[in-house]
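Trainee: Got a sequence here, can you model it:
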Amino acid sequence: MLPATHLARSHREKDIRSGEVHLWRVGLDGPDSLSKMVGLLSRDELERMERFCLPVLRRRFAVARGALRMIVARYVGGDPADVEFSYEQHGKPYVKDPRSNLQFNLSHSDDLMVIAVCMDQPIGVDIEREDHRFHLMDVAALCFCESEKEQVALEGKSSLQAFFQIWTAKEAIMKATSLGMSLEPSRVEVGLNPLRLLAINGAEELSDAKWHLIALSPREGYSGALAVAAEPSRIVYRDFQATLPGDC
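Mentor: Model (predicted):
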């Protein structure tokens, strides 16, 4: 598990070496100027923002999309407002630029977002707030393999953390394959201690990839997992801080 204290402060860096993964932590309720973040959004993003009924959700969406644009622009160059995104069949976003081989994925839960960035290799990330009111065994009965349910039951008092570690690992793999929820969670089987992919049942062509799972702890009370199609040579942890034109 990688504690949140290992996430270093950000600095300007456009280059990323082959084999590296950069993980960005973004607070969605931070002091970033909302009006400036909104100014980075595309028309369709503004329309999506307006669909949220609650002001806090509109703010979090604007900050999340603005931060994503700023982070991606660090690597591909240009103005964050000019970054164009497209989406694969099952919703995974990518940079709409044939010259770029940047790979990224993102996940948010409550007021926290994590963005994972690398070159060339498929990547997925998932985080979840560990909600103690969650009926974990009901979900496990529907979405977990027998071995996973046994692992959760064996953890006793730590069963909540075990559940969310398995769940985020499944989601990270599903997102990395670009299949998302079209790949049923029960078909993705993972093991704990160490966190690892055991099988993608019924999809051996996906299981054959050398998927690497890394456990994350982006903040106290959160679980997370990173999935990459090749073992990272280095993982760099960063905290996002917006620096926009006109800021002091």
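Trainee: And for residue 198, nearest residue in space, chain neighbours not counted?
Mentor: Leaving aside its chain neighbours, residue 198 sits nearest to residue 189 (4.4 Å; criterion: CB to CB, 6 or more residues apart in numbering). Where you see a C-beta, it was placed from the backbone N, CA and C, and this is true even at glycine.
Trainee: How about residue 94?
Mentor: Using CB to CB, 6+ apart, the closest residue to residue 94 is residue 86 (6.0 Å).
Trainee: which other residues reach the helix or strand hosting that neighbour?
Mentor: Using DSSP states H and E, residue 86 sits within strand 85-87. With contacts defined as CB atoms under 8 Å, 6 or more residues apart in numbering, strand 85-87 is touched by 93-96.
Trainee: Could you point out which residue ranges in this structure have low pLDDT?
Mentor: 1-14, 31-32, 203-209, 242-248 (pLDDT under 70).
Trainee: hey, where'd the helices end up in it?
Mentor: 34-38, 43-50, 55-76, 136-143, 146-154, 159-176, 204-207 (DSSP state H).
Trainee: what angle separates the second one from helix 55-76?
Mentor: Which is helix 43-50. Per axes from the mean of the first three to the mean of the last three CA atoms, to 10 degrees, the angle that helix 43-50 makes with helix 55-76 is 150 degrees.
Trainee: Pull the distance from helix 43-50 to the chain's centre.
Mentor: 21 Å (CA atoms, centre = their mean, to the nearest Å).
Trainee: same question, the third one
Mentor: For helix 55-76, the gap between its own C-alpha mean and the chain's C-alpha mean amounts to 13 Å (CA atoms, centre = their mean).
Trainee: go on, the fifth one?
Mentor: Chain-centre distance of helix 146-154: 25 Å, with CA atoms, centre = their mean.
Trainee: what angle do that helix and helix 159-176 make?
Mentor: Relative orientation of helix 146-154 versus helix 159-176 (the same axes, to 10 degrees): 150 degrees.
Trainee: what inclination does helix 146-154 have with respect to helix 136-143?
Mentor: Using the same axes, to 10 degrees: helix 146-154 against helix 136-143 is 170 degrees.
Trainee: Give me the buried stretch members for helix 146-154, please.
Mentor: 148-149, 151-152 (16 or more other CB atoms under 10 Å).
Trainee: To what extent is residue 107 buried, counted in neighbours?
Mentor: 23 (other CB atoms under 10 Å).
Trainee: Correct me if wrong: it contacts residue 129.
Mentor: No: using CB atoms under 8 Å, residue 107 is not in contact with residue 129; the gap is 11.2 Å.
Trainee: most neighbours, which of the contacts of strand 85-87?
Mentor: Busiest of the contacts of strand 85-87 [other CB under 10 Å] is residue 95, holding 19 neighbours.
Trainee: Any idea how many residues pack against the closest residue to that residue other than its chain neighbours?
Mentor: Once flanking residues are discounted, residue 95 sits nearest to residue 102: 5.6 Å by CB to CB, 6+ apart. Residues contacting residue 102 under the criterion other CB under 10 Å number 16.
Trainee: Mind listing the residues bridging to residue 102?
Mentor: Beta-bridge pairing for residue 102 (DSSP bridges): residue 119.
Trainee: can you tell me how far it sits from residue 127?
Mentor: From residue 102 across to residue 127, the span is 21 Å (CB to CB, to the nearest Å).
Trainee: Then residue 185?
Mentor: For residue 185, the distance to residue 127 - CB to CB - is 16 Å.
Trainee: Same drill for those two, tell me which one is more crowded.
Mentor: Using other CB under 10 Å, the more surrounded residue of residue 185 and residue 127 is residue 127, with 26 against 20.
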